[in-house]
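**Q** Test case, fold it:
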Amino acid sequence: MKRHSIPRQITAPPPSSALLRKLLPLALASAFSLLPSALLHAATTIDAANHFAYGANIGWMDWRGNTTDGAVIGEYVCSGYIYAANAGWINLGSGSPTNGIFYQNTSGSDFGVNQDGYGNLSGYAWGANVGWIAFESTGAPKVDLATGNLSGYVWSANCGWISLSNAVARVQTDSIQQGTLAPNGLPIAWLLLNFGTTNISANADPTGKGMTITQDYLAGTDPNNSNDVFRITSVARAGDQTTLDWSSKSNRAYYVQFTPSLSPASWTSVSTNGLDVSTVSLAGRTNTDEFYRVGAFRPLGP
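**A** Prediction:
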């Protein structure tokens, strides 16, 4: 592979060096537990063709590791390991933050890289041979929820800036994992974030807005806000063209289905739309009666 240096316009160290110094002594005691023999053995989500990051002072970093112990990009946290020939294994986190939602990154036993649900990455990875690697706002590390491509830079005090994508290589995830599910089938992290407990029915409607908690999760709406509802807001017909509008979220994608009758209904998908799309115009609509429905889904979801 041809090597490319990190752009020179990014030169300032991250503002969180004080926290790095605080975390370092706590991690040294457990540094040797991060050897491959102690890996979690979770299948990586990283794409087989696009799995390399690059740093001028560390070289190539393989996010697939040995395929069974590579990086896992999650809906709330990342986990697993990156492997660098010049630095060994680098830990993205255990996948089990203390509060069940995000890593707090305040101790050597609760550290890792978080994903805020909109693709922004933050927190710390740890390598016994390179120390802490910071995912912070200066480098703007991010995963594109539509494509799975990672972009931006991460910072290592011992290695400098590391690029997650460049002209010849990039890191890409094929999926974004939900994390551990509660008995009701919903992610534990999402339930704790919204309700503080997992002991809640997936079919409940706590606000009475006409959406179950499961439907709120799928649509990306707030289950505790009666005004945050996923619905079609308008339908208009002009000639043979029908236009639909609906309420959308920036971390959800959508599909539109059609049936000419409800007795019985025979739904056919007529459009699949990307992130945060809230309108679609469908040409060639000649039916006397038209019935539409819009579905939301989490992109790159299982």
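
**Q** how about stretch 119-131: buried residues?
**A** By neighbour count on 16 or more other C-beta atoms under 10 Å, the buried set for stretch 119-131 is Gly119, Leu121, Ser122, Gly123, Tyr124, Ala125, Trp126, Gly127, Ala128, Val130, Gly131. Every C-beta, even on glycine, is put in place using the N, C-alpha and C of the backbone.

**Q** Nearest to Asn199 among those?
**A** When the buried residues of stretch 119-131 are compared for distance to Asn199 (C-beta to C-beta), Gly123 wins out at 28.3 Å.

**Q** Who is that closest one paired with across the strands?
**A** Judged by DSSP bridges, the bridge partners of Gly123 are Val113, Phe135.

**Q** List the residues that contact it.
**A** Neighbour list for Gly123: Gly93, Tyr103, Asn105, Phe111, Gly112, Val113, Asn114, Phe135 [criterion: C-beta atoms under 8 Å, 6 or more residues apart in numbering].

**Q** tell me the mean pLDDT for stretch 274-284?
**A** Per-region confidence: stretch 274-284 scores 93 on mean pLDDT.

**Q** can you list the residues that contact it?
**A** By C-beta under 8 Å, 6+ apart, stretch 274-284 touches 145-146, 240-254, 256, 258, 270-271, 273, 299.

**Q** Relative to Asn57, which of the buried residues of stretch 119-131 is nearest.
**A** Looking across these and measuring by C-beta to C-beta, the closest to Asn57 is Val130, at 9.4 Å.

**Q** measure that closest one to Gly284 for me?
**A** 58 Å (C-beta to C-beta, to the nearest Å).

**Q** What of Ala140?
**A** Taking C-beta to C-beta, one finds Ala140 at 42 Å from Gly284.

**Q** same thing with Gln172?
**A** Counting by C-beta to C-beta - Gln172 and Gly284 are separated by 36 Å.

**Q** list the contacts for the residue most central in space within the chain?
**A** Geometric centre of the chain, nearest residue: Glu75, 4.3 Å, by C-alpha atoms, centre = their mean. In this structure, Glu75 makes contact with Gln115, Gly117, Ile176, Gln177, Gln178, Gly179, Pro187, Ala189, Trp190, Arg298, judged by C-beta under 8 Å, 6+ apart.

**Q** ok, now which ones touch the fifth one?
**A** Applying C-beta under 8 Å, 6+ apart, we find Gln178 in contact with Gly74, Glu75, Pro187, Gly301, Pro302.

**Q** How about Gly95, nearest residue that isn't a chain neighbour?
**A** Leaving aside its chain neighbours, Gly95 sits nearest to Ser79 (3.3 Å; criterion: C-beta to C-beta, 6 or more residues apart in numbering).

**Q** Quick check: beta-bridge partners of that neighbour?
**A** Val72.

**Q** correct me, but it touches Phe111?
**A** No - with contact defined as C-beta atoms under 8 Å, Ser79 does not reach Phe111; the gap is 11.4 Å.
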